[in-house]
Structures are given as structure tokens and as C-alpha cells.
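**Q** sequence first, predicted model second:
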Amino acid sequence: MATEATKRLTDIGPPHYEKFLPPIIKRNYGKWLYHERLAPGVMCHVAESGEKLYTVRAGSPRLLSVHTIRKIADLADKYCNGYVRFTSRNNIEFLLEDPSKIEDLKKDLQALGFPVGGTNNAISNVVHTQGWVHCHSAATDASGLVKSVMDALYERFTHEDLPAKLRLAVACCLNMCGAVHCSDIAILGVHRRPPRILHDLLPKVCEIPTVVASCPTGAIRARTVDGKQTVEVIEQQCMYCGNCYTVCPAMPLNNPQTDGVSIWVGGKVSNARSKPRFSKLAIPYLPNNPPRWPEVVEAVVKIVDVYAKHARKYERMGEWIDRIGWPRFFELTGIPFTRYHIDDFKHAGLTYNRSTHLKF
Amino acid sequence: MATEATKRLTDIGPPHYEKFLPPIIKRNYGKWLYHERLAPGVMCHVAESGEKLYTVRAGSPRLLSVHTIRKIADLADKYCNGYVRFTSRNNIEFLLEDPSKIEDLKKDLQALGFPVGGTNNAISNVVHTQGWVHCHSAATDASGLVKSVMDALYERFTHEDLPAKLRLAVACCLNMCGAVHCSDIAILGVHRRPPRILHDLLPKVCEIPTVVASCPTGAIRARTVDGKQTVEVIEQQCMYCGNCYTVCPAMPLNNPQTDGVSIWVGGKVSNARSKPRFSKLAIPYLPNNPPRWPEVVEAVVKIVDVYAKHARKYERMGEWIDRIGWPRFFELTGIPFTRYHIDDFKHAGLTYNRSTHLKF
Amino acid sequence: MADEKISTPLLDELEKGPWPSFVREIKSAAQTSPMARDLLGQLELSYEEKVGHWKHGGIVGVRGYGGGVIGRYSDVPEKFPNVAHFHTLRVNQPAGWFYTSQALRTLCDIWERHGSGLTNMHGSTGDIIFLGTKTDELEPTFSELTQAGFDLGGSGSDMRTPSACVGPARCEWACYDTLKLCYDITMEYQDELHRPAFPYKFKIKCAGCPNDCVASIARADLSIIGIWKDDIQQDDEAVAEYVANGLDIQADVVERCPTRCMQWDGKKLTINNRDCVRCMHCINVMPKALRPGKERGAVLLLGAKAPIIQGAILSSVLIPFVPEEELFDTVKELLSRVWEFWDEYGMNRERVGELIQRVGMANFLDAIGLDPVPEMVSHPRDNPYVFYKVDEEQSEQ
Amino acid sequence: MADEKISTPLLDELEKGPWPSFVREIKSAAQTSPMARDLLGQLELSYEEKVGHWKHGGIVGVRGYGGGVIGRYSDVPEKFPNVAHFHTLRVNQPAGWFYTSQALRTLCDIWERHGSGLTNMHGSTGDIIFLGTKTDELEPTFSELTQAGFDLGGSGSDMRTPSACVGPARCEWACYDTLKLCYDITMEYQDELHRPAFPYKFKIKCAGCPNDCVASIARADLSIIGIWKDDIQQDDEAVAEYVANGLDIQADVVERCPTRCMQWDGKKLTINNRDCVRCMHCINVMPKALRPGKERGAVLLLGAKAPIIQGAILSSVLIPFVPEEELFDTVKELLSRVWEFWDEYGMNRERVGELIQRVGMANFLDAIGLDPVPEMVSHPRDNPYVFYKVDEEQSEQ
Ligand code: SRM
Ligand code: SRM
Ligand code: SRM
Ligand code: SRM
Ligand code: SF4
Ligand code: SF4
Ligand code: SF4
Ligand code: SF4
Ligand code: SF4
Ligand code: SF4
Ligand code: SF4
Ligand code: SF4
């Protein structure tokens, strides 16, 4: 390392994207005219020049070993002159000039275990996070939830038969790494007990004022325990957000008995038709039941099925619920409405029904 | 007084309303079938029995002398067998069985100076408050504003030619005695300087902790001045709400130089079509210019005219603005958009445009 | 009567113009009342100086009552001695603001004898306002009022005078008897109305249907708004009649329906009542053709208030539907629970709506013993800051 | 390689079923990497115990950089010594996530030599995630990466790795060149990306049109979203073609337009562009017939973030329209002003969106020298708590 110190490169930034653009894209860059949907996972973009670009989209677990990535590279070589891209939802896109190769590519992908689909009004890949694979904050695993849910929703990925796009996301704690808070269906890991306080460790690794200030509800107070400067948590004021733990390792929230999963629905990001909006609480708590989280899978599939059956064309989850109303959403899905559904944070009052608009 | 102590009546409550219902109403109570609009200020309610009740509505200044009320009583005797009612917006309603008397009644009302109208899609009477006539909090006069504005909008009262109902209200301070906060157009008296503190008086008449607690922004602090326990106001934190003055007479806000009027638009109360909603700031400040407040009159008339010209049938002020967007509202009315229009109170963030929905 | 002339050049300007003039009213009263005369003088001074001339309140009232009178003193009594005191009495109006000419005259006579002869018909809360008199006149006025069958309304931290829309007396849409409920509540709570014992004011307004002609959702702590549960009553012939008479039913009715739950095929109007939110619009436009359903009652909503202190609040749904027969009992039961909780936990000058926002709706529901239902919210929470009660839940499992 | 067999009965369950399995991936890497093998073991333990086994972070990194590496240590290192350290490198992806097979193989080779052989393609912010290695391997990995033309992305309180939708590379709707802007910004701010000096993280995402395919409005402190100013480009023949092919244009387009600004008379589609809010819906449904206008650029929105601490925020409009030519300069200018203010006034761990809400949008605009425009708000304030600046105003008069 030291030998090459003078040549050490820094701040070079990422490679320029142009190096990675297939020639057909370079030729028609910014000059695409329209696109057509050919089949689930397959679309065709037509340029002003008349040239056509075929995209085949395949699902991926996102967590990929180098061995698998090399197989993807091989397919790119075989079908796309070595060009390939990933999408903002972690799917893999193969960019073809020759439509006659599409079916062969699909077969090869199938053989490798990569489903083709995720376009148009299908469920696309699940945006998700680290979970027990790599994060200290996780109240649940992310990859395992995604796998369990997508096994059950596989046909919804390979078919474009939903009323509109349906975006799923999983986050393993309230930090919500990913657009969980604006998803059609979000699965969110939750802690439900206050942090344990490691009084021995805390004074050594944490700054008390920072810890006290970290709590959104003011539940943390400085306190002396056995002569040590540490903190206490007023349990009734804690809503288990974990922000204290983020700033102070001596306040872990993990709890195998009480951690679990909540389900949120009706968020969206696009500005299409209605404005972007947050997902709303559907199910406050389901148990962590690895390896396959059957309760979560069942709940998500149920919500998707009810939506698929009742929503009108081009109605996203939230737009559909807008039309039918939340009471009917709870009725149709059989989900009980509880005290937890009623907001009690800062803007709570604005979520109350301040009208007589009611359906019976 | 003392002589009749034994007979002193209390807690008898108001007279029973049945005593005051005309016979035709008693006969058809709860059995009205539908109504028809006959002319501005005149409507006909048809009962299941086939009986018809004619209502003639007249505007009133609300502030009435006993002499005038007696004249109203005389008209009630002459045309309605002595029955008369007032509306929730301070209009007077004459209830007739015989439609042939309507025109005579209208003439008599005209002669007394009471305009007939205010029904259907007219501007009705202005809900308002005490102002300089009777309240200590007033930043402006209420009755004078109403008179000035309604003189200018008179034809809008006597004609039903607006797209929808248009409800005006005036309140003389932020206490908003009246549905000012949910009016199509609201005129609101505002203070714009912090309270003066009468340090001599304050310790005698106010409880310091109550005063400190009264301030929504925490601008008030206990302080000692010349050995007296009193308070100080941090001027930058004060937004002139007057709540301190309500609890403590030693903190008046009245200021002839800086008090004035703000204008708010687009609120509504009914659940018809859209949900009830608050009025939004249109004009942050216009000067107090008695006796006729020309700036206020001009601004209100302008807003009404623009609305009348551009709104579609059955669009209340707020519903019209929903459709055209606020940028266009400001453009059409020529009102400048300023820093004051952007909310900075508790729920401010929720009023920011969190979308790309834009019109150019 | 002093016949000294006061010059009021500014106020005189407000006698001009077509709208009836309050200045004319004050002058009219001033012919017989020195109080009204000095009011005119003081008001002219306010118009000159652009500032009010009333001092901050003062506690006055009639014996045994804590409310019903607003104390008021001039800050220029030396100039206008007849309004040195100028207290207002709030007289409880008859439900629906119906009167006989006889009753009006009785009120006028009492007030001419004891006060300024000026009134507000009516105040924003609904009372008959007797505008301005001296402290000594309060008790005699009250005595004559009660003899005539009238009583005072509320002020201060009490239940305020309830009010009601005209309802079944003249409106075809009243889903319950607003006048009766308003009267019954007023009578039931005479003590709460006259003897302030709450943390702050509490207002009740009764509207017969979602048009809410007494602005209850914006101005009442308890808003009682009529509604129906079954289908809109529809008369197809009358629909056809409206159309024949020129109604653009597609543009003005179907496309203005907020849920778009209606269809018009050129001949027949179809309402998908399951999706209807009972907004009233279509009924408002075609009263002869459409009517509220037959299963009637009211929604109970809680919490409206003006901005001070925590920002304005509109009432929100607490009980989505109470059948008309059960309305009075349900309201009583609800009020007793709400008031009990508010009495105990409400802070000084905290309205019920603010209390709910402070403790959280779910805790409030617990306290008053109501189950949460989705009708209470426009949507469930969107933040994940949930106060889970783990022990309870686990014992449930 | 240790060829000791680990039993993972729980994880094995996740190899079943049709969706590609991450367990299969870890097992695949485990064939060549002991780190991956111990990851498998520790993960199985987590599945058994329903709890994670990672300790709270730790500051590690490459020389001269403050970001780009997430430190991670096992809390059961005695059982799984190969993941005792298991740090992640965030490698800055090429804009739009385009690769050549060659580039992918280079990345794989480097990572196989120095780390677990496990990746995320990609992380939620957009980086290539090299998932897990020892402290000693960080610097060599970095060195090989830079030699191959790659660099690290952001982490900690720095500018995070910007990302962009596929944009003009393959999408007909891109209203500006997302890839170029993303690349230019990334290069311009290498220092801000690698050396955390902000109060907290700052994310930038570039979306070519209001469909926002990188979720920028929900996940970026600065959201740059393409938009057009003039009329939608309309091809009537293509409209007719869609209809002929079975599109129910009335139900699926006209009635789904949020502003109802379109009309279909059975033959001709008319758009009232003045009322259009550029939501994209009609264009999405008929890409061949309708296209964004020709006067293109972007909206700049500020402030999105996840819920911690003050609740989630969506970005809101700051500059309604910047022509494409001016985009890079305007963004640079804006960022310099925003960052300056944030640096000075932002509290520790306060995102820009939270700062704006704390100081108020109007004060923030003052600070960065922008005039308020109504496009910034969905509606003006509804509370009367206005901080009037009287002196200024009076001097204006
Ligand atoms: C490839 C990708 C961009 C990229 O740079 O990677 C992309 C590409 C396209 N998007 Fe997207 N979108 C992509 C993520 C998104 C996201 C972001 C996300 O999901 O996190 C959104 C916002 C989602 C949301 O609102 O929650 C998004 C909202 C849309 C929409 C709006 C849909 C709606 O009605 O709300 C359209 C329009 C449409 O589909 O009709 C769209 C349309 C398209 C089109 C048709 C654009 C075009 O003409 O090429 C592309 C093919 C879409 C398809 O899947 O059928 N794209 N698109 C992303 C693919 C993700 C994936 O693998 O599934
Ligand atoms: C008399 C009165 C009730 C009372 O007990 O005194 C009343 C009576 C009627 N109202 Fe009202 N409303 C009365 C105050 C209100 C109020 C309260 C207020 O203004 O403070 C509202 C809520 C206003 C708001 O939303 O801000 C109100 C919102 C309505 C509506 C809904 C209008 C809308 O489209 O939003 C209707 C329906 C309609 O007019 O089509 C309505 C309809 C009616 C009908 C047609 C009901 C009927 O069938 O008899 C009555 C005649 C209305 C007219 O003026 O043409 N009434 N009405 C009130 C007359 C006030 C006045 O003198 O002008
Ligand atoms: C007379 C009346 C205005 C009028 O001209 O009609 C009135 C007059 C006063 N109101 Fe009011 N309020 C009147 C109806 C209202 C209403 C409207 C309503 O009841 O529908 C409201 C808004 C609804 C609400 O209650 O929130 C209203 C909201 C206030 C407030 C703000 C309360 C709040 O919680 O935000 C105050 C301040 C306070 O209570 O300290 C207030 C305080 C006052 C005081 C007592 C002034 C004070 O600070 O002590 C005023 C006495 C004026 C005077 O000298 O006569 N008044 N006040 C109304 C009562 C007449 C009646 O009994 O019929
Ligand atoms: C790796 C990644 C998740 C993933 O599996 O993809 C991730 C992982 C972590 N995030 Fe994140 N965040 C990741 C994208 C996000 C996103 C999504 C995005 O950028 O579009 C968000 C929501 C958007 C936002 O920034 O608000 C996000 C919001 C957070 C937050 C909450 C920040 C907030 O202001 O609310 C935290 C907590 C913190 O910063 O202290 C956090 C903190 C963390 C930490 C560093 C844990 C911590 O408390 O220190 C996680 C490290 C996990 C690990 O061990 O590897 N992460 N984090 C994503 C970064 C990969 C990449 O560089 O491409
Ligand atoms: S969501 Fe929480 S647990 Fe999951 S990766 Fe992000 S910070 Fe870690
Ligand atoms: S978990 Fe959240 S609410 Fe609980 S003490 Fe920590 S910071 Fe406060
Ligand atoms: S609005 Fe203010 S000034 Fe006017 S009557 Fe009510 S409390 Fe008095
Ligand atoms: S006027 Fe309002 S903001 Fe100003 S000091 Fe008084 S209570 Fe506080
Ligand atoms: S609220 Fe309804 S019932 Fe009462 S008067 Fe108004 S329209 Fe009639
Ligand atoms: S009452 Fe309102 S929601 Fe119901 S059908 Fe009529 S217009 Fe539609
Ligand atoms: S955001 Fe717009 S321009 Fe970018 S890929 Fe999506 S649809 Fe195309
Ligand atoms: S872009 Fe959206 S708002 Fe504009 S015309 Fe199309 S559907 Fe309507």
C-alpha cells in the first residue's frame, strides 16, 4: 500500500455513464418517441430515427454474489453486446436491438432463476433494506420478508394484471431506508418496548445531552445510577423510534419477544393523477415469525387480492381507498381498526374526520 | 328587589319555541316536501299536506334599536299574523301563508330601508362581531366595515347571480367571534405590534404564571422591573394574537398606527360537495381607514367580482380556487403574494406544495 | 334626556348608502336613551382616533349566576358618563329564533326601561344581545325578563347557549328535530349554562343536515348534524321535470358529486348509494326530486373552536350515526363522560378539541369509553410513532 | 476454505419458492468466501433467536475520506470470527445504473479478492454495495477500485451519492438530461461527498419527469424533477389509433385527469393546457399520442426525508421552473446558498427539510435570497399568527 502512496487516487468520482451506454442508446439519446408494452417484462422504445430498443426486465434478490453477477455479465455478452443496466428498484434490464433474441434470453433467465416481469401494472421488485444481514438497528429481517412475500406474489410480478402499478417496500426499522413511507404497501419492522439502558457502557460511549436531545417525545432524562452519569427513559413517553439508539449504542431496542412487523398502505411517489403521499397504517403489528413470516405474507396477499378485485383501472392503492373510503377498506380486508390507527403525533388533529362525509 | 326575593325566578330557560311557531308550521312540522325559489329573498316551502309557506327574507344591520324592532313586529302583525323569525346570519324572515301579500310586504320593507334578498346564490348578511361598539379587544370596528362593504355589495344581496353561496364575515380580533375562519371571504382585524406592558398595573391585576402560559409562542417571560414582579415580551417571538391581553388587562395591544385589517378567502362550513375548510390568507394587511375603509371595500369587491366572473356554477370560492390554483387566484385578483402568505405555525410543512402539480 | 347635540361627522358617513345603517339604529336609540347617545359619542371618538375606548372586562352579573353578562367600562367615562358602565346581557333566544310580535315588544319594553335600547338580533352564539346598561340595572332587567319567560344565556367558562337551525319547522331536509333537541339540552343543563364550572366555554349547535346552516362544525364544541343511513329518496318524474326545465344535470349534478357516484344516461339518474358521502349537493340542486333517506338521525362531532390558542379546529366525527329516537339520551350520556374527563384533565382555558389533541384521540376514547371506528379519521396515521401497549396485547394472544 | 458444514435449516426454507433466493446467493458466495460462510451462520442464529447480531457501528474508513464505509462488528465474533469485522463499502454507481459486462466483472474480481463476494445491486441510495469485509481490506479495495475508475459514495453527514432515472438514455419523457446532471453534480461535489462536514446527510436525486422514477420527492433533500412549461404535444391520429385499439379514452384518460381539463367529443381530444398540472397521466396512457411540451426544464424541490426525528417530509417546490440550459448553474447556486445557511443554522442531525420547518419557509427564503411565489404552497396559511414586520412595511408606504 505504502509503496504506491504517490499514485493514490482519490475523488475521481464514478465512471462516466457514457462509457456504459449501448451504441443504440448513444445514437438516440434524448430522441425517444414513444414506447410499447410487448409482454410482461418486455417493452420496446421507438426513437425518432425509427430505431427500436427492446428491454427485458428480470427480477433479482438484490443481494447478489459475485458469481451470479458474472452470470448476468455473460448474458449481457450473449444478448446485448455486453450492455446491461439495473433499475431504481433493483431489477436487471437487458437492452436488445434484435427482438428475435427476446425469447431465448427469457429462457436463459428462467433457467438461472430470474423471473421476467415487473413492468407496467405488475408488482415490481421490493425496495428493501439490510435487516439482520447487515444492520444493528433491525427489528426484523428484510431479505427474508421480501423472499417470503414475493414467493406468494410471484404471479403478480410475471403478469401485468393489476389495476395499476403496485409498489412494495420493506424497511427493518423506523429509519426507513427506502421509500417505505410512500409505498402502495410497506412492511415495516417495529420495536415495541423502550430501549434497555446499559448503564455501565453509556457514560463511556455516549454524550448525555445528545442522547437527551435525540428523543422526539422528550422521554429521556439525565440520571445518576450507582454514581454513574447516565439516563433514564420515561416508559409511557417512549414510542420505540430508536433514535436514541442511533446516537447511543448503549440503548439497544432489540427484543426477540416483542419486535415484529407493521403494514402500511396507500402511499405513492409519482405525481400521476394524485399527488405524492405517505402510506397509512393498516396493521399495527404482526409477529416476527421467521423463516417465512406466514402472518405477514397472508396479510399482504389479502390486501393485494382485495385491491386487485375492487380497484378500477389506473387506480393506485391509495386512490382506490380514496374512492371507497377507509371504513370500507377495513371491512373488505377484514383488518380490525384499533386505537393505534388514530394518529397521536404532531399533526394528529388534521387526520380526524372534520366533516360529515360518511358512507354507511 | 328584596321585596320579591321569594318569587325570584332562575333557571327557567328560554321560552318554548312552540309558542312562537305559526300555525301553518305547527301543522306541517317535520313534513315539508320541497321548496322553490320564487325571487331573490323569496321562497316557497311546500308541505306533504300541499300547504305552502312563503318566506320573505330581509337584511338587517343586526345592531337594532328597540324602535326598529317594534317596526318589525308591526310588519309581522300586518302580514304574518304576528310571527317572524331571524336567521343564523341575522336576517329577518317573514313567514306568509298568502302569496298575494308578498309584494306589499316587500314595499313596506323597502320603505323601512330593509333590503330583500340574501337567499340562494346571493351574498347573505355578514356574520360579525362587536368592534369598537362594545369590545375591548377590537383591532378595528366591525359594524362600520360591514356597512361599508355591504353598501358596495348591495346588488349582490338583492340579486341571486353568483355562482354559489358567498358568505362574508367580519371579526375585529383574532378571537374570531363568528365563523370568520370558515368563510368565503373573511375580514379580520389584526394587531401588528406586541402588547404594551403596564408595569404598574400588571402585578396588581394579573397572575404572572397564567400570563406566561397564555402565550402560544412562549414569548412572555417573568421579569422584575423597578422592583415589581412583572413580565417582558420577546418581540421577535410575538405574533400579536392578543391572548395575553385576554388573560391580563395590563397588556393592551391596541395601536391606532399599526392596527388594521386582513382578508381571508375560500373557507366554507357546509359539507356540500367538498368538506368544510378554513379560509386562507389573501391580503395580510390593509389600513384602518374609517369611516368607510375604502381599501378594504375595494379589495373585497374585487375578489367578489373576479370570483363571479370566473367561477363555474355551484363552485364556492374555495372550490373555484381549487380548480384554478392559488397562483392564478393571485394573478386574477392582482393581489401580491408575500412572505406572510406562507404558513409558519405548527402545521406549516403540510401547506408546502409537496408535488410537482404546477400550472404555468 | 340631554338634548345637547353631539357632532358625529365620521359616523354620519355611515348613514349613507343602501345597506341598513347601524349608525341610524344608534341614533334612533339615542333619541330616547342617554346611554345610546354617549355610545354614539364614544364611537365617533374611536373613529377619529382609530382605537377602541373600552376597558378590559370586569366581573358583574346577576345574583346566583356566573354567566350571561359581559362587563364593560369606558376608558373615557369623564367624556361619556352614561357609558361609564355599559354591560351587555345575553338573553337566551328561543330555539330557531322564532318570535311573536308580542314577545318582541315585551323584550323591547324591558330593555327600553333598563338599558340602552340597543340590541343585537342576534349575537354570534345565538343569544339576544341587550347591548349596554349600568350595573344597577342588571338585576331589575333580569327580574323582568324571567317574569316574561326569558332567561339569560351563557358566558365565561360554562356551557354556552345552544342554538339550532330552523330544521323541521321549515326545512324539508331536517334529519332530526333540531329545535326540540336544542330546547331539551338547554333545559337539561340550566345549571351548566348559568354557573361556570368548566375549564373553558363549551358550545353546542344543532344542524338538521350536512348543509349545517348554524355553522356547527366550525363553531361548536359539540356539533350535532343530521344525516341519514339508507338510500337517497328519488323521484324520477321530478328529475325529468328539472331536466325539462333546463337543469344541466350532467354538469351541475353528476359532475359535481364529490364521489362521482351518480350516472345520468340521458333519461335515468342512477345513484350508487354505497359510495355516496351524503354531501347534500344533488339534493340541494333538486329538492323536489331527491330527498334524504328515511333512516334518519345525526352524527355527533366534537371539538370546533376559533384559533386561540393552539390554532382553529373543526369538529370531527365521534359517533357516526345516532338514530333520532336515541339522540337526546346519547348526547346526555356522551356529555356526562366528556365533561367528566375535561373537568379532571382539561387545563385552564383549554377547549375540548385542544384537550383531545393534547392527550390523543385514542386515549380520549378510552377515557370516555368509546371504541375507535375508522369513520373518526380521514385516514389512519402515516407516522410510525405508535405507543404500543405490549402487555395487553400479549395477554390477548 | 474451511469445508466444515454449517447447518441452516431455517434459511434453507428460504431457498424454496419461485422468487430468486438471497440465501442461495449467500451460499454461492460462501463457496469461495469464509466471510460469507460465517454470515450465513450468524444469520441462521438471528433467524433462530429473532434478533440481529450486529453491534452498533464504529468509525472505519479509507484514508482521507470520512464517508463511504459503514463499520460493522458481530456481537458473536467467537462463534463467527470471519464476520467479527464486516464493514460495507458504498461504491458510487455510474449514473442511471448502466454497466458493461466488463465493468461488472472488474467489480466482482476486486470484491472477490478483498471481501465477502456479496453485494447489493444496489443500495437504496443507489450505490453499489460491497457487503462486508475486514478493516484491513478497506484500503486495498479502495485502491483497486480507483485504479479501475470507481470511487466511493457517501455516508455519514455528507452529500450522499446522487442518483438519476434512466432519463434520455431510454425514456421519451425526460425533460432534461438526468444522467448528465447527476454526473456533473457528483463530480462538482466530490469533496462534499467524501468529507462529511454538514449537520447531517444531504441527498440529491434526478428524475426526468413527474413520474419520478427515482422516488426523489420522497427520498431526496434536493429533488430535481423534469417538467415542461408549454402545451402537451398532441398527435390526433395517434389518439384515434389508441381509441380504435380499444382504449376507453373517456373513462381511462379524461375522467382520470385530476384537473378535468380534457374533453373528448367522440372524435377529438381537447386539452385545456392552462389548467393542466402536468401530472403525466394522459401521457402515460397514450405515449404515442401525447408528449410533454417543448419548453423543458425542471422543478427544484427541497426537503424530503424519512420520519426520524420530526416526522417524514416530502420535498416541496422551491423553484417552479428552471430551463434545462440553466439547470446545472441554478442548482449550484442554490446549493451553495442552502448549504451555507444549513451549515450555520442547522442543528446536529437536522435535515434541511426540518430546518425549513423550524425557521419557517419565509425566513429560509430570505436567507437564501429567493422571493416567495404561490407555487411554493398548496395553499396560503389558514392561521392568523402572522409575524408582521411593521417597520419595513411602513417605510414602504
Ligand atoms: C426503469 C425505471 C427507471 C430507472 O431509472 O430505473 C422506470 C422506467 C419506466 N417508468 Fe417508472 N421506472 C422506474 C421506477 C419508478 C418509480 C420509483 C419506484 O418505484 O420506487 C416510480 C414511482 C412509483 C410510485 O409512484 O410509487 C415510477 C413511476 C412511474 C409511473 C407512474 C405510475 C403511476 O400511475 O403512478 C409511470 C407511468 C406508467 O407506468 O404509466 C412510469 C413509467 C415508466 C416508463 C414507462 C417510462 C418510459 O417511457 O420508459 C418506464 C417503464 C416502466 C415500466 O416498468 O413499465 N413510471 N417508476 C424504474 C423501474 C423500476 C423497476 O424495476 O420496477
Ligand atoms: C335560514 C337558514 C337557517 C336558519 O336556521 O337560520 C338557512 C336556510 C336554508 N338553507 Fe342554509 N340557511 C342558513 C344558513 C346557512 C349556513 C350558515 C352560515 O352561513 O353561517 C350555511 C353554511 C355556509 C357555508 O358553507 O359556509 C348554509 C349552507 C346551506 C347550503 C350549502 C351551500 C353550499 O353549496 O355550500 C344549502 C344548500 C343550497 O343552498 O343549495 C342551504 C340551503 C338552505 C335552505 C334552502 C334549506 C331549505 O330547504 O329550507 C334554506 C334556504 C336557503 C337560502 O338562503 O336560499 N344552506 N346555510 C340560514 C340563513 C342564513 C341567512 O340569513 O343567510
Ligand atoms: C358577543 C359576541 C360577538 C358578537 O358580536 O356576536 C362575542 C363577544 C366576545 N367574545 Fe366571543 N363572542 C361571541 C361569539 C363567539 C364565537 C361564535 C360562536 O359562538 O358561534 C366564537 C368562535 C367560536 C368559538 O367559541 O371558538 C367566539 C370566540 C371567542 C374567543 C376565542 C375562543 C377560543 O377558544 O379560541 C374569545 C376569547 C376568550 O374566550 O377568552 C372570545 C371572547 C369574547 C369576549 C368576551 C371578549 C373577551 O376577550 O373577553 C367578547 C365580548 C365582547 C363584548 O364586549 O360584548 N370569543 N366568540 C358573541 C357572543 C354573542 C352571543 O352570546 O350570542
Ligand atoms: C444501506 C442502506 C439500506 C440498503 O439496504 O439499501 C442504508 C443503511 C443504513 N442506513 Fe439508511 N440506508 C440506505 C438508504 C437510506 C434511505 C433511502 C435513500 O437514500 O433513498 C433513507 C430514507 C431517505 C432519507 O435519507 O431520509 C435512509 C434513511 C436512514 C435514516 C433516517 C434518516 C432521517 O433523516 O430520517 C438513518 C438514521 C441516521 O441517519 O441516523 C439511516 C441509517 C442507516 C444506517 C447507517 C444505520 C445507522 O443507524 O447508522 C444503515 C447501515 C446499514 C448497514 O449496516 O449497512 N438511514 N437510508 C441504504 C444506503 C445504500 C446506498 O448507499 O445506496
Ligand atoms: S431500515 Fe433501519 S435496520 Fe434497516 S437498514 Fe435502515 S437503519 Fe438499518
Ligand atoms: S426509542 Fe425513541 S421515544 Fe423511546 S426513548 Fe429512544 S428516542 Fe425516545
Ligand atoms: S372578535 Fe375580538 S374584538 Fe371582536 S368581539 Fe370578539 S373578542 Fe371582541
Ligand atoms: S400577543 Fe400573543 S404572541 Fe404576543 S406576547 Fe401576547 S400571547 Fe404572546
Ligand atoms: S342545516 Fe339542513 S335541515 Fe337545517 S336548515 Fe339547513 S338545510 Fe335545513
Ligand atoms: S349526496 Fe353528494 S355524494 Fe351523495 S350522491 Fe348526492 S352529490 Fe353525490
Ligand atoms: S422519471 Fe420520467 S423521464 Fe425518468 S424514467 Fe421515469 S418516466 Fe422516464
Ligand atoms: S397531464 Fe395530467 S393534468 Fe395534464 S391534461 Fe394530462 S391528465 Fe390532465
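**A** Yes, it's here. Numbers count the residues shown, from 1 in each chain, chains lettered A, B, ... in the order given. Ligands and ions are numbered 1, 2, ... in the order given.
**Q** around ligand 1, pick out the residues from the stretch 201-350 of chain A.
**A** A:268-270, A:272, A:316 (C-beta under 6 Å from any ligand atom). Every residue, glycine included, has its C-beta placed from N, CA and C.
**Q** out of those, which comes closest to ligand 11?
**A** Nearest to ligand 11 among these: A:Ser270, at 8.3 Å, using C-beta to the nearest ligand atom.
**Q** tell me which element the closest one is part of?
**A** Using DSSP states H and E, A:Ser270 falls within no helix or strand.
**Q** tell me the pLDDT of the closest residue to it other than its chain neighbours.
**A** Spatial nearest neighbour of A:Ser270, chain neighbours left out: D:Asn211 (4.9 Å); criterion: C-beta to C-beta, 6 or more residues apart in numbering or on different chains. Looking at D:Asn211, its pLDDT reads 98.
**Q** show me where the chain has its strands.
**A** Went with chain A since none was named. If DSSP state E is used as the criterion, the strands of chain A fall at A:32-39, A:42-47, A:52-58, A:63-65, A:83-86, A:92-96, A:168-171, A:185-190, A:220-225, A:228-233, A:260-265, A:280-287.
**Q** can you look at chain C instead?
**A** In chain C, strands defined by DSSP E lie at C:69-70, C:87-91, C:98-100, C:118-121, C:128-133, C:163-164, C:204-207, C:222-228, C:233-234, C:262-264, C:269-271, C:290-291, C:296-302, C:316-323, listed in chain order.
**Q** please identify which of those is closest to D:Gly67.
**A** Distances from D:Gly67 to each of these were compared using C-beta to C-beta; the shortest belongs to strand C:316-323, at 45.9 Å.
**Q** angle of the closest one against strand C:296-302?
**A** What separates the directions of strand C:316-323 and strand C:296-302 is an angle of 160 degrees, with axes from the mean of the first three to the mean of the last three C-alpha atoms, to 10 degrees.
**Q** buried stuff in strand C:316-323?
**A** C:316-322 (16 or more other C-beta atoms under 10 Å in any protein chain shown).
**Q** between these, which sits nearest D:Asp366?
**A** Closest to D:Asp366 out of the buried residues of strand C:316-323 is C:Ser316 (36.0 Å), distances taken as C-beta to C-beta.
**Q** returning to that earlier point: out of the strands of chain C, which is the most enclosed?
**A** Comparing the strands of chain C by mean neighbour count (mean count of other C-beta atoms under 10 Å in any protein chain shown), strand C:163-164 comes out on top with a mean of 32.
**Q** give me the contact list for that strand.
**A** With contact meaning C-beta atoms under 8 Å, 6 or more residues apart in numbering or on different chains, strand C:163-164 is reached by B:88, C:93, C:95-96, C:125-126, C:178-179, C:181-182, C:204-208, C:214.
**Q** filter these by proximity to ligand 8?
**A** Among these, no residue lies close to ligand 8 (C-beta under 6 Å from any ligand atom).
**Q** closest to D:Lys389 among the residues you listed?
**A** Here the nearest of these to D:Lys389, counting by C-beta to C-beta, is C:Thr125; it sits at 35.4 Å.
**Q** hang on, the closest one packs against C:Met159?
**A** No. With contact defined as C-beta atoms under 8 Å, C:Thr125 and C:Met159 do not form a contacting pair (11.0 Å).
**Q** shared neighbours, those two?
**A** When contacts are counted by C-beta under 8 Å, 6+ apart, the set common to C:Thr125 and C:Met159 consists of C:Lys203.
**Q** the residue nearest to A:Ser270: how many residues sit nearby?
**A** The number of residues packed near D:Asn211 is 23, by other C-beta atoms under 10 Å in any protein chain shown.
**Q** quick one: residues contacting it.
**A** Applying C-beta under 8 Å, 6+ apart to D:Asn211 gives the contacts A:270-272, D:173, D:280, D:284.
**Q** close to ligand 7: what parts of the stretch 201-350 of chain C are there?
**A** Counting by C-beta under 6 Å from any ligand atom, the stretch 201-350 of chain C comes close to ligand 7 at no residue.
**Q** closest residue of the stretch 201-350 of chain C to ligand 12?
**A** In the stretch 201-350 of chain C, the residue that lies nearest ligand 12 is C:Glu255 (15.4 Å; C-beta to the nearest ligand atom).
**Q** skipping its backbone neighbours, what lies nearest that residue in space?
**A** D:Arg260 (7.9 Å).
**Q** same check, this time on A:Lys268
**A** Among residues not flanking A:Lys268 along the chain, A:Arg316 sits closest, at 5.2 Å (C-beta to C-beta, 6+ apart).
**Q** quick one: the one you found and A:Ala164 touch, right?
**A** Yes. Counting by C-beta under 8 Å, a contact exists between A:Arg316 and A:Ala164, whose distance comes to 4.8 Å.
**Q** which of those two has more neighbours?
**A** For the pair A:Arg316 and A:Ala164, the greater number of neighbours falls to A:Arg316 (25 against 22), based on other C-beta under 10 Å.
**Q** which residues sit in contact with the more buried one?
**A** Shown here is A:Arg316, whose contacts under the criterion C-beta under 8 Å, 6+ apart are A:164-166, A:184, A:266, A:268, A:273-274.
**Q** could you do C:Ser223 as well?
**A** With C-beta under 8 Å, 6+ apart as the criterion, the residues that contact C:Ser223 are C:205, C:207, C:212, C:216-217, C:300-302, C:304, C:315.
**Q** ok, and the closest non-adjacent residue to A:Pro327?
**A** Nearest in space to A:Pro327, with sequence neighbours left out and distances taken as C-beta to C-beta, 6+ apart, is C:Pro374 at 4.3 Å.
**Q** residue contacts, the one you found?
**A** Taking C-beta under 8 Å, 6+ apart as the contact definition, C:Pro374 lies against A:325-327, A:329-330, A:337, A:341, C:380.
**Q** excluding chain neighbours, what is closest to residue 352?
**A** Chain wasn't specified; assuming chain A. Once flanking residues are discounted, A:Tyr352 sits nearest to C:Ser316: 3.4 Å by C-beta to C-beta, 6+ apart.
**Q** actually it's chain C I care about, not the one you picked
**A** Using C-beta to C-beta, 6+ apart, the nearest residue to C:Val352 is C:Asp221, at 5.0 Å.
**Q** touching, the one you found and C:Ala304? I think so.
**A** Yes. Under the criterion of C-beta under 8 Å, C:Asp221 lies in contact with C:Ala304, with a separation of 6.5 Å.
**Q** A:Arg156 reaches A:Asn125, doesn't it?
**A** No. At 11.7 Å, A:Arg156 does not count as touching A:Asn125 under the criterion of C-beta under 8 Å.
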